[in-house]
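A.B. asks: got a predicted model here, sequence first, then my questions.
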Amino acid sequence: MTDRFRALRMFKTGAGQDARIVEIGDDDLMDGDVTVRVDYSTVNFKDGLALTGAAGIIRAWPLTPGIDFSGVVETSSNPEFAPGERVVLNGWGVGETHHGGLAQKARIKGDWLIKLPSGISNAQAMAIGTAGYTAMLSVIALERGGVTPDKGDVLVTGAAGGVGSVAIALLTKLGYRVIASSGRKETEGPYLTALGAAEIIDRAGLSTPGRPLGKERWAGAIDSVGSHTLVNVLGQTRYGGVVTACGLAQGLDLPGSVAPFILRGITLAGIDSVMRPKADRLEAWGRLARDLDLAKLETMVVPAALNDVPALGPAILAGQVRGRVVVDVNA
């Protein structure tokens, strides 16, 4: 008889889809060479899309969503991992085509796992999650593009969201002056300032169609919004600057021109977190352990239990969730 454990499962229905908390066993898990006792998961923007059916994120039914989890290895036939080791997973199609982290147990390929740095707890790993890991990848891309603190301000769009919150904390600790763009400037101002933002601007100034080139305002930017916002960010980046694109909260389109690229030498760096090579993941998590102020991380946390997750899907898509949701799957 296998252990029984709780999981959130998404089921296809005639009306669309349905989320249910179910009790399942080891035989209901998918193939893999490592089984993990999950401690925490989280709800990212992509999870919100999966939970609501707003986009075709889930491609196997029924499926446990959750593109992230942290936990402890229970069993392993993979030589790189032993029972008792703490691990984290981000991406690799988990929560899309393979059962994800919103369950008390997961079985996956060991090649998808990273051993957690000693300075980061399992709960903190999900306070970081894919959003924070993506923020770190974005900061590394700015650095590699030559955007150092002395070059000028760095803009962060979607500043009160998961990527934005972690990006502000990282950039501030690394010595950058950060401009935060948010649609919740009045309500989230104190929060963003506490994370380290030196200036806060209303996203309305970036979210509507603008000129191909505007006044040069920042040396680099981390954008999680896309569409007109990304176009305006590019058009106001200083000569030789770098803009990272890692999200699509406003849309998938890029309704702009090539002017910033050929007249100002701007670099647009795409940030993929799902299929990122292991070496990049190890670098990013090592940097997070070193460069992220964990005290600031704690101020971003919205705690949740497995039963809370279905309602969080529409909330995160509506921009109603500040910072990072940490789901205790055993609560």
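C.D. replies: Thanks, I have it.

A.B. asks: can you count the residues close to T35?
C.D. replies: Other residues within reach of T35, judged by other CB atoms under 10 Å, total 18. (Each C-beta comes from the backbone N, C-alpha and C, glycine too.)

A.B. asks: secondary structure element for it, which one?
C.D. replies: strand 34-42 (DSSP states H and E).

A.B. asks: that strand: partners in the sheet, and parallel or antiparallel?
C.D. replies: Using DSSP bridges, strand 34-42 pairs in its sheet with strand 68-76 (antiparallel), strand 105-108 (antiparallel), strand 324-328 (antiparallel).

A.B. asks: buried residues, the lengthiest helix in the chain. List them.
C.D. replies: Criterion DSSP state H: the longest helix present in the chain is helix 122-144. Neighbour counts over helix 122-144 (16 or more other CB atoms under 10 Å) mark 122-142 as buried.

A.B. asks: A304 and V326 touch, don't they?
C.D. replies: Yes. A304 lies in contact with V326 (CB atoms under 8 Å); the separation is 6.8 Å.

A.B. asks: centroid-nearest residue for the chain?
C.D. replies: Centroid-nearest residue in the chain, with CA atoms, centre = their mean: A131, separated by 1.6 Å.

A.B. asks: correct me if wrong: G240 contacts R264.
C.D. replies: Yes. Contact criterion CB under 8 Å: G240 and R264 qualify, at 7.3 Å.

A.B. asks: OK, contacts around F5?
C.D. replies: F5 is in contact with 23-25, 103-105, counting by CB atoms under 8 Å, 6 or more residues apart in numbering.

A.B. asks: and I222, helix, strand or coil?
C.D. replies: Secondary structure state of I222, per DSSP: H, G, I helix; E, B strand; the rest coil, is strand.

A.B. asks: again with I179
C.D. replies: Judged by three-state DSSP, the three-state class of I179 is strand.

A.B. asks: burial count for it?
C.D. replies: 20.

A.B. asks: report the contact partners of it.
C.D. replies: With the criterion set at CB under 8 Å, 6+ apart, I179 makes contact with 153-156, 197-201, 217-218.

A.B. asks: in those, find the pair that's most separated.
C.D. replies: A197 and R217 (14.9 Å; CB to CB).

A.B. asks: which pLDDT does the model give the residue nearest to the centre of the chain?
C.D. replies: A131 carries a pLDDT value of 94.

A.B. asks: do the same with E186
C.D. replies: With respect to pLDDT, E186 scores 84.

A.B. asks: can you report how many residues lie near it?
C.D. replies: Residues near E186, counting by other CB under 10 Å, number 10.
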